[in-house]
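Student: Got a predicted model here, sequence first, then my questions.
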Amino acid sequence: MYYMAFDCGTMGTKTAIYRIDSTKVAEAYRENKIAYPQPGWAEMDAMGFVRAAQEGARECMAKSGVNPAEVRAISASGIICGIVGIDDDWNPVTPFVPYLDNRARGEADWVKKNVDPVWAAESGNTTVDEFMPPMILRWFLNHYSGFRKQAVRVVNNGPFVLGRLAGLKAKDAFLDWATMSGWLIGYDAKKRDWSQKQLSALGIPHDILPRIVKPWDVVGYLDPEEAEKMGLRAGIPIVAGAGDTMQSALASGLLEPGLSTDVAGTASIFAVAVPDVSEAISKTPGMMFATGTLENSYFYWSMIRAGGLSLRWFRDNIANRRGDASFYAEMDALAGEIPAGAKGVLFFPYIQGAGPDLPGACGIFAGLYGSADRVAMWRAILEAIAYEYAQMVAVYRANGIPLTEVIGTEGGSKSPLWTQIKADVLNASYKVPARSEGGLMADAAVAAYGVGDIADLKETMRDWVTFRGRFDPDPKSSQIYARIIEEREKMLDGSMRDVFSQLEGMRKILAL
């Protein structure tokens, strides 16, 4: 018995076929394109995710030699903060706008000034920011020409792909309860459904939202035309799946409260499993409460929007090595020869903005002298992500969650240098799973559970997740980083705010 899984991420779409014993028998990857039509904007072609899934499935079937009759189910994970509008026939009528986009700042500012935060009690979140799907949806409603006439529903990209593969109509639009919590507000976390009270306060019509389903619900069956494109048989059950952050957490073994994971993807995400809402953590800017894939599972997460994306940006736009996958390991090898502190170079990883507590933030290299080179700049990027994590970890530790051990997952966990830097900066040990497949493995498990081929999803993941390595902090490096963090925090609390404001003013001049 085999299962087809898609992880529809920001930088790329991954596809894999798994056997019932968790063996990955074939995989494929397609890099995704991100357009930046204006400073601070980011958008993607929703159909690009579908094409990547079609091509990936066909490649996996060819590589594996699996009999199409043995593929039991299909599932997917997708971006939790990003939406696309669809018409009656499930065609996109807008671009897919992901969390990297800042166009909805005006909507977020309006909500913060004019709407009582009725969502705090139900969703566990107090933050309102422009990257959140409800703000993007408000922007669509207010500014996207013809949106309300054309758009019947809005969905995230994972459900968009699965709906296309199933040949669904907009009336059948769905969203799993885990991805729903990536909207951050507008829903009730305990009921795991939309909140009419919040939607009314936000001015969002309920009829444009998809129905909420369980991640393991069967939402449709593979359409014959799509099956032919993918090299599969028609009629395979399609299981709803869940958000990429939630699936990556599940696949890294984040199964019990107190465990933490570093999802080192395009957006660098730090997640901590908790039993319930913590008012103190929820009130901290940038800390977000979410429902997990499993029933009665919850976690806090915070993200650096352009964490991994900063590395790709440096490769493509600075080093002019676009698409060269060997570049990362090459630069890591060179940067490993530089001591902690990157020769005094600091990077602020805000190339797609930061958050409401740092308005106007943008990417900045600081501390450049003639002794600096691209290797020091590369190490500075790696350290910058770890410094941002340090801010998050300090909040958890201040609220009684010690975080002495972190599980590293996704593509960034393949870098021993980066993992060691994070262990040193956070002064915590890093455990690296034996498999760095991220949400794909969890997608396969959810697919198998959805069609009844496994009896207990949690215990299955407990059996499937093993670890291959451990990185303990180096005391000397940890001391150096602690002192750097103190100075960096002073900058962010003081002079850097003025710099960000002044640079934003310059961008406005140039946009005239």
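Tutor: Yes, it's here.
Student: so how far is the top helix by length along the chain from its chain's centroid?
Tutor: Criterion DSSP state H: the longest helix present in the chain is helix 374-398. Here the centre of helix 374-398 is set off from its chain's centre by 18 Å, with C-alpha atoms, centre = their mean, to the nearest Å.
Student: do you know how far the residue lying farthest from the centre of the chain is from Ile364?
Tutor: What lies farthest from the middle of the chain is Gly370; by C-alpha atoms, centre = their mean that is 36.5 Å. With distances taken as C-beta to C-beta, to the nearest Å, Gly370 is found 19 Å from Ile364. (C-beta placed from N, C-alpha, C; glycine too.)
Student: so what secondary structure elements neighbour the longest helix of the chain?
Tutor: Applying 3 or more C-beta pairs under 8 Å, 6 or more residues apart in numbering; DSSP states H and E, one finds that helix 374-398 contacts strand 260-264, strand 268-274, strand 298-304, helix 307-313, helix 327-335, strand 346-348, helix 416-426, helix 475-493.
Student: Could you give the bridge partners of Ser75?
Tutor: Counting by DSSP bridges, Ser75 is bridged to Ala5.
Student: just checking, it touches Gly450?
Tutor: Yes: taking C-beta atoms under 8 Å as the definition, Ser75 is a contact partner of Gly450 at 6.9 Å.
Student: which neighbours do those two share?
Tutor: Shared contacts of Ser75 and Gly450 (C-beta atoms under 8 Å, 6 or more residues apart in numbering): 239-240.
Student: Among these two, which residue is more densely surrounded?
Tutor: Applying other C-beta atoms under 10 Å to Ser75 and Gly450 shows that Ser75 carries more neighbours, namely 34 against 26.
Student: Return the residues in contact with that one.
Tutor: 3-6, 162, 238-241, 443-444, 446-447, 450.
Student: give me phi/psi at Ser200?
Tutor: With angles defined as degrees, to the nearest 10, Ser200 sits at phi -60, psi -40.
Student: pLDDT at it, what is it?
Tutor: pLDDT recorded at Ser200 is 97.
Student: Same check on Leu512?
Tutor: pLDDT at Leu512 comes out at 46.
Student: ok so, going back, buried residues in the longest helix of the chain?
Tutor: Within helix 374-398, the residues that count as buried by 16 or more other C-beta atoms under 10 Å are 375-393, 395-396.
Student: Show the subsequent helix or strand relative to it.
Tutor: strand 405-409 (DSSP states H and E).
Student: sorry, back to before: A strand includes the residue farthest from the centre of the chain, no?
Tutor: No: membership of Gly370 in a strand is not supported by DSSP: H, G, I helix; E, B strand; the rest coil, which gives coil.
Student: Backbone dihedrals for the closest residue to Lys14 other than its chain neighbours, please?
Tutor: Nearest residue to Lys14, sequence neighbours excluded (C-beta to C-beta, 6 or more residues apart in numbering): Asp7, at 4.4 Å. Per-residue torsions, Asp7: phi -120, psi 100 (degrees, to the nearest 10).
Student: ok, and the closest non-adjacent residue to Tyr144?
Tutor: Per C-beta to C-beta, 6+ apart, closest to Tyr144 is Thr94, 6.1 Å.
Student: measure the one you found to Met135 for me?
Tutor: 14 Å.
Student: More neighbours: which of those two?
Tutor: Met135 (28 against 19).
Student: so how far is the helix or strand encompassing the more buried one off the chain centroid?
Tutor: Per DSSP H and E, Met135 falls inside helix 133-143. Taking the mean of its C-alpha atoms, helix 133-143 sits 20 Å from the chain's own mean (C-alpha atoms, centre = their mean).
Student: what sits against Ala53?
Tutor: Neighbours of Ala53 in contact, by C-beta under 8 Å, 6+ apart: 6, 8, 13, 15, 76, 161, 165, 230.
Student: how about the residues you listed in CSV, adding pLDDT and distance to Ser310?
Tutor: Shown next, in CSV, are the contacts of Ala53 (pLDDT from 0 to 100; distance: C-beta to C-beta, whole Å):
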residue, pLDDT, distance to Ser310
Phe6, 97, 25
Cys8, 97, 21
Thr13, 97, 20
Thr15, 98, 26
Ala76, 98, 26
Val161, 98, 26
Leu165, 98, 32
Met230, 98, 34
